[in-house]
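Engineer: generate coordinates for the sequence data below:
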Amino acid sequence: MSPRLALRHLGRAKGHFSGVETYKAQLQASLGCTLALGTAGLLGVGATAYLLRQSQGESFPPGSFSQLPRLSKAGSIWASASLPGWQHKTLHLRAGKASHMVPLDQVATARLGGIWAPECEVVRLARASADSLGEAQAILCLRVADALPVEGIVTVELCPGCGLLELYGRPGLYHLQDQSLLHSAELAKKGTYNAPDIFSGRKDRVLRALEALEAGSEPQLQVLLDDRVASSAEGSKFLALESTSSHPLLSLLGQILDSTGEAYNMLPLILRAQCAGDLSSQATQLQEILVKNCGPWQPKPEDIETALARGFWSLPADQSGMHLREREADRLLDRAKREMWRPGSISRRELETQIRNFLCLHLLGEAACRCCMRFSFVRATPSTQDILSQNRFVPLQSAPGLWCRMEIAPLQLPPL
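Structural biologist: Okay, here's the model as predicted:
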């Protein structure tokens, strides 16, 4: 064979093998694309199903939850021992059409309560599940880590009310009222409940207020024995409390709320928020002006964060802080009435922000005036100490052998 012919055959062979390799590469690429598209399709279907479940909400069979006895007036609280994800947690529902405020409740509770606030998570319920709990409109709820981790726990729920009172009545009023301090002192001597006594930091006044609440008809104090309504005497006997007082459990609680007690630092947080809670007249007028000039507005969780970011934590947690909030509301109202409300002006934007911040603080103040504190007591054993620690129980220095969890129950902000 001539050299030229041999080279021609060699070139044809190379071309043949090159074509085969090219075909293999094309086939592999085609298979790779097919697998990638199939995988993407499966992932897309999975993501779509997940999003669909999220949009539909969390569902559970009827009868999975049982309602708990609580002092909450604006909703209901439920517990489930069988459903996954609900161990040691409770479901907090808001009554009526106020479930859109649940995300604000979560932010307000976490920011105001700090270390005293239980862990909260916003959960969307399926409509059928919400209907099975008796609240068809309550699509959003809170999953709260405040259930009882062990048996044998005595819980005291306390709704103290507003702890800020004036010598001559509430701010802005200059005549003597039934809630003035002078008249309150007389009522206290007669055994009538006086809210500032709870926040006084003095054990004798705190105990006097607790005894008045237990003897009164207002649902502001409740004792629970393993989520069953009981009396303070039953709770004292169950915990084997030793005290010279006729109400050992209430005496222990008064000791905790004393100025040297473990729970005293919780009280200024509540008082500071309450400083803006009794300014409904100014808040209503400011809201009407805002709606008239800027259109409808509903607060969002980030609005609560913004309102608390500046000036809130430095406010005095007493009557002087309440006066500062009152003067702030009066200045805002006067400026809002004089504002030209020109579109795009810097003055208008600043005023809008200040009014919205004040309205958020007012909502937080109203919720703080109706807040509930929970104190759970238990005799710890070596086998239960770990699970108690995981659920925020701590040993009491003032009562050896007793462990306690002190917390502010989730706040419920009123809708605008």
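Engineer: pLDDT weak spots in the stretch 51-200 of the chain?
Structural biologist: Filtered on pLDDT under 70, the stretch 51-200 of the chain yields the residue ranges 51-55, 165-191.
Engineer: where do the strands sit along it?
Structural biologist: Assignment of strands within the stretch 51-200 of the chain using DSSP state E, counting those that start in this stretch yields the ranges 66-67, 75-79, 90-94, 120-124, 140-144, 154-158.
Engineer: who touches the shortest one?
Structural biologist: When you say that, I think you mean strand 66-67. Outside strand 66-67, the residues that touch it by Cβ atoms under 8 Å, 6 or more residues apart in numbering are 76-80. To be clear about C-beta, it is placed using only N, CA and C from the backbone, and glycine gets the same treatment.
Engineer: direction included, what does it pair against?
Structural biologist: Applying DSSP bridges, strand 66-67 is found paired with strand 75-79 (antiparallel).
Engineer: now the contacts of strand 66-67: which count as buried?
Structural biologist: Neighbour counting by 16 or more other Cβ atoms under 10 Å classes 76-80 among the contacts of strand 66-67 as buried.
Engineer: doesn't residue 137 make contact with residue 97?
Structural biologist: Yes - in this structure, residue 97 sits in contact with residue 137. The criterion is Cβ atoms under 8 Å, and the distance is 5.0 Å.
Engineer: ok, these two, which is more surrounded?
Structural biologist: Counted by other Cβ atoms under 10 Å, residue 97 and residue 137 do not tie: residue 137 has more neighbours, with 15 against 12.
Engineer: from what I can see the more buried one touches residue 130, true?
Structural biologist: Yes - between residue 137 and residue 130 there is a contact under Cβ under 8 Å: 7.5 Å.
Engineer: ok, back up a step: deepest-packed of the strands of the stretch 51-200 of the chain, please.
Structural biologist: Of all the strands of the stretch 51-200 of the chain, strand 90-94 carries the top mean neighbour count, a mean of 25, counting by mean count of other Cβ atoms under 10 Å.
Engineer: contact partners of that strand?
Structural biologist: Contacts to strand 90-94, defined as Cβ under 8 Å, 6+ apart, come from residues 65, 68, 72, 74-80, 99, 101-102, 105, 123, 130, 133, 135, 138, 141-144, 146-147, 410, 412.
Engineer: try 6 Å
Structural biologist: 75-79, 135, 138, 141-142, 144, 146-147, 410 (Cβ atoms under 6 Å, 6 or more residues apart in numbering).
Engineer: how does the chain divide into domains?
Structural biologist: According to automatic domain parsing, the chain comprises the domains 66-144, 150-416.
Engineer: now the ones you listed in JSON lines, with distance to residue 60?
Structural biologist: Compiled in JSON lines, the domains of the chain are given as follows (distance: least, Cβ to Cβ, whole Å):
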{"stretch": "domain 66-144", "distance to residue 60": "5"}
{"stretch": "domain 150-416", "distance to residue 60": "20"}
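Engineer: what is the burial count for residue 379?
Structural biologist: The number of residues packed around residue 379, counting by other Cβ under 10 Å, is 14.
Engineer: ok, which stretches of the stretch 51-200 of the chain are helices?
Structural biologist: Under the criterion DSSP state H, counting those that start in this stretch, the stretch 51-200 of the chain contains helices at 102-113, 127-132, 181-189.
Engineer: re the thing from before, which of the contacts of strand 90-94 sits closest to residue 338?
Structural biologist: In terms of Cβ to Cβ, no member of those lies closer to residue 338 than residue 410, at 39.5 Å.
Engineer: identify the residue nearest that closest one in space, chain neighbours excluded?
Structural biologist: The shortest distance from residue 410 to any residue other than its chain neighbours is 4.7 Å, reached at residue 109 (Cβ to Cβ, 6 or more residues apart in numbering).
Engineer: contacting residues for that neighbour?
Structural biologist: By Cβ under 6 Å, 6+ apart, the contact list for residue 109 reads 117, 120, 410-411.
Engineer: nearest to residue 322 among the residues you listed?
Structural biologist: Distances from the contacts of residue 109 to residue 322 were compared by Cβ to Cβ; the smallest belongs to residue 411, at 18.8 Å.
Engineer: and the spatially closest residue to the closest one that is not a sequence neighbour, what does it touch?
Structural biologist: In space, residue 411 comes closest to residue 367 once its chain neighbours are excluded; the distance is 4.2 Å by Cβ to Cβ, 6+ apart. The contact partners of residue 367, by Cβ under 6 Å, 6+ apart, come to 411-413.
Engineer: 10 Å instead, please
Structural biologist: Contacts of residue 367 were listed using Cβ atoms under 10 Å, 6 or more residues apart in numbering, and they are 74, 101, 104-105, 108-109, 112, 273-274, 277, 410-414.
Engineer: put together TSV for the strands of the stretch 51-200 of the chain, with distance to residue 327 on each row.
Structural biologist: Below are those laid out as TSV (distance: least, Cβ to Cβ, whole Å):
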stretch	distance to residue 327
strand 66-67	44
strand 75-79	34
strand 90-94	33
strand 120-124	34
strand 140-144	35
strand 154-158	31
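Engineer: so which of the ones you listed is nearest residue 285?
Structural biologist: strand 90-94 (26.7 Å).
Engineer: count of residues packed around residue 295?
Structural biologist: Counted with other Cβ under 10 Å, the neighbours of residue 295 add up to 7.
Engineer: low-confidence bits of the stretch 201-350 of the chain, can you list those?
Structural biologist: Segments of the stretch 201-350 of the chain classed as low confidence (criterion: pLDDT under 70) are not present in this model.
Engineer: if you set the cut-off to 80 instead, what comes out?
Structural biologist: Along the stretch 201-350 of the chain, the model assigns pLDDT under 80 to residues 243-244.
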